[in-house]
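Asks: attaching a predicted model along with its sequence, questions to come.
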Amino acid sequence: EVRKSFSHMSADIDVFPLEKWLWCEEQALRKKKELLEEYVDPQGLYSVRKTIAQFLSQSRGVRCYPEQIVLGSGTQLLTRQLTKLLPKEAIYGLEEPGYQRMYQLLKSEGRVVSALEIDQKGIRIDALETSEANVLLTTPSHQFPTGAIMPISRRIQLLNWANSAPDRYIVEDDYDSEYKYDADSIPSLQGMDGASRVIYMGTFSKSLLPGLRMSYMVLPIPLLEVYRKSLHFLMSSCSTITQLTLQAFIETGEYQKHIKKTTKLYRSRRAVLIEKLQAKFGDTISVKGEKSGLHFLVSFRVERSEAEIKRRAEERGLLLYGISRFYNQSAPPRPPTLILGFASMRTTQMDEAVELLYEAVFR
Ligand SMILES: Cc1ncc(COP(=O)(O)O)c(/C=N/[C@@H](CCC(=O)O)COc2ccccc2)c1O
């Protein structure tokens, strides 16, 4: 129904190859059911980590051994574990606007967090250098939420920053890196790091389903040693069934097929939606961050505030998210800007959704 169609937080279960997933799950359960009798490796099953390491090497240029991978049910849980491996007095730098839930998580852990300015290439080096931060959380593939893609030059500057003082780390959150439309995918920062400064974070929430709660981090060897010593008591937080099913899903090539198919589908959904928005709103809007990912930003050159637009949309049953949800230490800029997701937007819903949005902005 139209209610959630613009949400940037939902996937489309209709495009998920449920039959294939269920087949993989059945195979996993029939052939490896004994594994369910015990607690598996705290970092996740070795065979699953091996499959993920191979996939990461091919698709993102990540260089790691399966031993360096830790599976976790969600990026937040992995980030919480990571903070226990880093120096207690570490100061965390996060992008502004950025992933507010991560900002809130670190605050709730009692960590010192500073919100750092970004530009159209991602995190600004001058903002980073003037801040006290020594652990940077960044989304270089597709800055969340602005969509900025960090060029190689800025990535090299980041690595230089990390190597110019002790105890500096970069957490590369590669969320949303699977979907590229008009931009070619740039290899990971982790693959360019020769000094064990980059912790790579990834998730299957976008490319498969957020409900699977299958995420992972790749620890540089020195941090892996700290993990093995200080967090050895942890048990794996991911279901063994989901781990084995995912492994089979990747090994049978179904994962790659799914990415290819959904990239085509999302590319066309995105194009049709932008076309309809521009036809309806003309030059009162500007679209950005549409070159990759499953959402883009739309700014409206109107007097009405973001909150007002959001309220009027919800009165009409249209759920909207504004850019202000991603500002932690500063006020969102004018003009009002919304984050529009198109992953769960069927083309049949677009006319109605755009009409309701128009009424929320102008009526
Ligand atoms: C920067 C960043 N990193 C990682 C994640 C994913 O975390 P994980 O699922 O725990 O691995 C998100 C999820 N971000 C969510 C938005 C959060 C918000 O606006 O408040 C959106 O996530 C999804 C969107 C579409 C389809 C599936 C998921 C993240 O924004």
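Replies: Arrived safely, thanks for sending.

Asks: please count neighbours and contacts with C-alpha atoms only from this point.
Replies: Will do.

Asks: distance from the lengthiest helix in the chain to the middle of the chain?
Replies: Ranked by number of residues, the top helix in the chain under DSSP state H is helix 254-281. When C-alpha coordinates are averaged (C-alpha atoms, centre = their mean, to the nearest Å), helix 254-281 and its chain have centres 18 Å apart.

Asks: tell me what whatever helix or strand comes next after it is packed against?
Replies: The helix or strand immediately downstream of helix 254-281 is strand 285-288, counting by DSSP states H and E. Packing partners of strand 285-288 (3 or more C-alpha pairs under 8 Å, 6 or more residues apart in numbering; DSSP states H and E): strand 295-300.

Asks: other SSEs contacting the strand it packs on?
Replies: So strand 295-300, by 3+ C-alpha pairs under 8 Å, 6+ apart, packs with strand 285-288, strand 337-341.

Asks: can you check the pLDDT for L116?
Replies: You'll see L116 listed with a pLDDT of 98.

Asks: for it, helix, strand, or coil?
Replies: Of the three states, L116 takes strand under DSSP: H, G, I helix; E, B strand; the rest coil.

Asks: got the contact list for it?
Replies: G93, L94, E95, E96, I123, R124, A127, L128, S131 (C-alpha atoms under 8 Å, 6 or more residues apart in numbering).

Asks: distance check, the last one against G289.
Replies: As judged by C-alpha to C-alpha, to the nearest Å, S131 and G289 stand 26 Å apart.

Asks: look at these two and report which has more neighbours.
Replies: Each of S131 and G289 has its neighbours counted (other C-alpha atoms under 10 Å); G289 has more, 21 against 15.

Asks: what sits against the more buried one?
Replies: Applying C-alpha under 8 Å, 6+ apart to G289 gives the contacts T146, G147, A148, H295, F296, L297.

Asks: quick check: the first one is in a strand.
Replies: No: T146: not assigned to a strand; according to three-state DSSP it is coil.

Asks: distance check, the most centrally placed residue in the chain against the ligand.
Replies: Nearest to the geometric centre of the chain sits Y175, at 2.5 Å (C-alpha atoms, centre = their mean). Distance of Y175 to the ligand, given as C-alpha to the nearest ligand atom, to the nearest Å: 5 Å.

Asks: spell out the secondary structure type for the residue lying closest to that residue once chain neighbours are set aside.
Replies: Closest residue to Y175 apart from its sequence neighbours, by C-alpha to C-alpha, 6 or more residues apart in numbering: G202 at 5.7 Å. At G202, secondary structure determined by three-state DSSP is strand.

Asks: which residues in the protein form helices?
Replies: Under the criterion DSSP H, the chain contains helices at 18-32, 46-60, 75-83, 100-108, 125-130, 152-163, 221-230, 240-251, 254-281, 306-315, 347-362.

Asks: show me what the first one is packed up against.
Replies: Helices and strands in packing contact with helix 18-32 are listed as helix 240-251; criterion 3+ C-alpha pairs under 8 Å, 6+ apart.

Asks: E306 is in contact with P332, isn't it?
Replies: No: here E306 lies out of contact with P332, judged by C-alpha atoms under 8 Å, at a distance of 9.7 Å.

Asks: in the sheet, who's paired with the closest residue in space to T75 that isn't next to it in sequence?
Replies: Nearest non-adjacent residue to T75, counting by C-alpha to C-alpha, 6+ apart: S215, 5.9 Å away. Listed by DSSP bridges, the beta-bridge partners for S215 are G72, T203.

Asks: show me the contacts for the residue in the stretch 201-350 of the chain positioned nearest to the ligand.
Replies: Using C-alpha to the nearest ligand atom, the single residue of the stretch 201-350 of the chain nearest to the ligand is K206, 4.1 Å away. Going by C-alpha under 8 Å, 6+ apart, K206 touches A11, Y175, D176.

Asks: tell me, how many residues neighbour the last one?
Replies: Using other C-alpha under 10 Å, D176 has 23 other residues around it.

Asks: tell me who's in contact with it.
Replies: So D176 contacts S141, H142, K206, S207, G293, L294 (C-alpha under 8 Å, 6+ apart).

Asks: among the contacts of L116, which pair sits farthest apart?
Replies: Using C-alpha to C-alpha, these reach their maximum pairwise distance at E96 and S131, which is 13.1 Å.

Asks: re the thing from before, per-residue pLDDT of the residue nearest to Y175, please?
Replies: According to the prediction, G202 has pLDDT 98.

Asks: same check, this time on K4
Replies: K4 is assigned 68 on the pLDDT scale.

Asks: thinking again about what came up before, winner for burial among the helices and strands packed on strand 295-300?
Replies: The highest mean neighbour count among the helices and strands packed on strand 295-300, using mean count of other C-alpha atoms under 10 Å, belongs to strand 337-341: a mean of 23.
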